[in-house]
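>>> pasting the structure only:
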């Protein structure tokens, strides 16, 4: 399996993430109901600790952090804090996808589909093929031997 690229959380972020799993917002709960089913064979984690941060959702195979942004993310010092956090994650090869909570509330399935599409697009070429999908390709781009 692929190594999780997300840095380990510190004690405070681990403790905070555990508490946040019990206190998820409605948009987070709705999104989690879709992402926990492993769409496209992708594993998503909820309230994943990374460094001093706790990510709303994280897909390790795609190195993708998903943040559900409510109204509070546009107030006070939150935009600057979010920018610092996104930069910290980017330095570690992790892209942050920000999804407005209103979009999730309007159509959770659509929001989940869009997230999965971004995650699939970020997968490395060597990601294992999904069950029932096409056979893996050899390094030359042709179908690998034994899969014809």
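It's in. Computed from a predicted model, the values in this text were never measured in an experiment.

>>> so what's the nearest residue to residue 45 once chain neighbours are set aside up against?
In this structure, residue 45 finds its nearest non-sequential neighbour in residue 58, 4.8 Å apart by C-beta to C-beta, 6 or more residues apart in numbering. Just so you know, the C-beta spots here come from the backbone N, C-alpha and C atoms, and that holds for glycine as well. Listed by C-beta atoms under 8 Å, 6 or more residues apart in numbering, the contact set of residue 58 reads 6, 44, 45, 48, 50, 64, 65, 66.

>>> Give me the subset of those residues lying in strands.
Of the contacts of residue 58, the ones assigned to strands by DSSP state E are 44, 45, 48, 50, 64, 65, 66.

>>> returning to that earlier point: tell me the one of the contacts of residue 58 nearest residue 83?
Relative to residue 83, the closest of these is residue 65; by C-beta to C-beta it sits at 13.7 Å.

>>> OK, contacts around that closest one?
Per C-beta under 8 Å, 6+ apart, neighbours of residue 65: 6, 48, 50, 55, 56, 57, 58, 89, 94, 95, 96, 97.

>>> cool, and residue 32?
Contact analysis of residue 32 by C-beta under 8 Å, 6+ apart lists 24, 46, 57.

>>> With respect to pLDDT, which of those ranks lowest?
Of all the contacts of residue 32, residue 24 carries the smallest pLDDT score, 82.
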